[in-house]
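Trainee: My questions concern the predicted model and sequence given below.
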Amino acid sequence: MSRKRGGQPDDFSPAVGGLLIGDFSGGPTAEEFKSALGQFLTGLTVVATHDRGGPIGMTCQAFTAVSLSPPLVLFCARTQSETARAIAETGTFSVSMLGKHQRTIAERFGSPASHGDRFNGVDWTPGAMTGCPLLKGAIAHLECNLRASHPAGDHRIHIGQVVAASAYADNPLTYFQGRYK
């Protein structure tokens with residue numbers, strides 16, 4: 001594959017919404033890709049909102065800051081995610097950045113088996129700006145308004161504008177090579 005100036009492959013072209021489209025055949029297998037990504041240390045968050053049935057949330061490690069002005073963040077979720085569906089309906093979400101002591105929370109909110117019971121027995125409070133659940137014991141909280149959502153393979157990229165932020169002194173829960181650290 002040849003490259004254009006700036007390092008971008010020349011067989012890619014901008015798509016609607018700024019995402020790149022092109023020929024993605026011949027890439028790594030799913031296992032090879034997951035193995036490579038496992039070498040990247042990430043933090044863990046719980047992304048949550050509320051719907052008619054109450055609070056709903058999921059563990060998310062595909063989270064990052066996008067912009068300081070305006071303050072924007074993004075998270076990625078599977079296209080069939082119930083939490084992402086609820087966020088699209090409500091237009092608001094929260095991010096609780098998990099502390100090192102919250103491994104059981106990460107496991108609970110990441111397990112499909114606990115989907116309907118994830119908030120049972122979990123200490124949380126509604127955010128002042130959005131009403132979205134903020135998990136107690138987290139090392140930071142963000143409240144966001146959903147600004148955009150873009151398809152990306154078997155996931156969607158959700159971008160939110162931060163309307164409230166708070167941070168607390170503690171160590172983060174991280175994930176590396178398929179293990180909590």
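Mentor: Noted; the coordinates are in hand. Computed from a predicted model, the values in this text were never measured in an experiment.
Trainee: do you know how far the residue lying closest to residue 159 once chain neighbours are set aside is from residue 78?
Mentor: If you skip the residues right next to it in sequence, residue 159 has residue 148 as its closest partner in space, 4.4 Å away by CB to CB, 6 or more residues apart in numbering. For every residue, glycine as well, the C-beta is placed using N, CA and C. In this structure, residue 148 and residue 78 are 18 Å apart, going by CB to CB, to the nearest Å.
Trainee: Give me the residue ranges of this protein where confidence is low.
Mentor: Along the chain, the parts satisfying pLDDT under 70 run over 1-25, 115.
Trainee: could you pull out the strands for it?
Mentor: Secondary structure of the chain (DSSP state E): strands located at 13-14, 20-21, 42-43, 45-51, 54-60, 63-67, 72-78, 92-97, 124-126, 133-135, 140-152, 155-167, 174-176, 179-180.
Trainee: Let's have those in CSV, adding distance to residue 103.
Mentor: Listed next are those as CSV, based on distance: least, CB to CB, whole Å:
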stretch, distance to residue 103
strand 13-14, 41
strand 20-21, 36
strand 42-43, 13
strand 45-51, 12
strand 54-60, 10
strand 63-67, 17
strand 72-78, 20
strand 92-97, 14
strand 124-126, 17
strand 133-135, 13
strand 140-152, 17
strand 155-167, 20
strand 174-176, 10
strand 179-180, 5
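Trainee: can I get those strands in TSV with mean neighbour count and distance to residue 27?
Mentor: Shown next, in TSV, are the strands of the chain (neighbours: other CB atoms under 10 Å; distance: least, CB to CB, whole Å):
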stretch	mean neighbour count	distance to residue 27
strand 13-14	9	18
strand 20-21	12	14
strand 42-43	17	21
strand 45-51	25	27
strand 54-60	22	24
strand 63-67	14	22
strand 72-78	19	18
strand 92-97	26	30
strand 124-126	14	40
strand 133-135	25	36
strand 140-152	18	15
strand 155-167	17	16
strand 174-176	16	23
strand 179-180	11	26
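Trainee: Quick one: closest of the ones you listed to residue 111.
Mentor: Closest approach to residue 111 among the strands of the chain (CB to CB): strand 54-60, 8.5 Å.
Trainee: Just the CA coordinates for that closest one, please, in CSV.
Mentor: Provided in CSV are the C-alpha atoms of strand 54-60 (Å, rounded to 0.1, in the frame of the first residue of the first chain):
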residue,chain,number,x,y,z
GLY,A,54,-33.9,3.0,36.0
PRO,A,55,-30.1,3.3,35.9
ILE,A,56,-28.2,1.4,33.1
GLY,A,57,-24.5,1.2,32.6
MET,A,58,-21.5,-0.7,31.3
THR,A,59,-17.8,-1.1,31.9
CYS,A,60,-15.9,0.8,29.2
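Trainee: Need the residues that contact it.
Mentor: Residues outside strand 54-60 that contact it (CB atoms under 8 Å, 6 or more residues apart in numbering): 44-50, 75-77, 81-84, 86, 95, 105-107, 109-110, 118-119, 124, 132-133.
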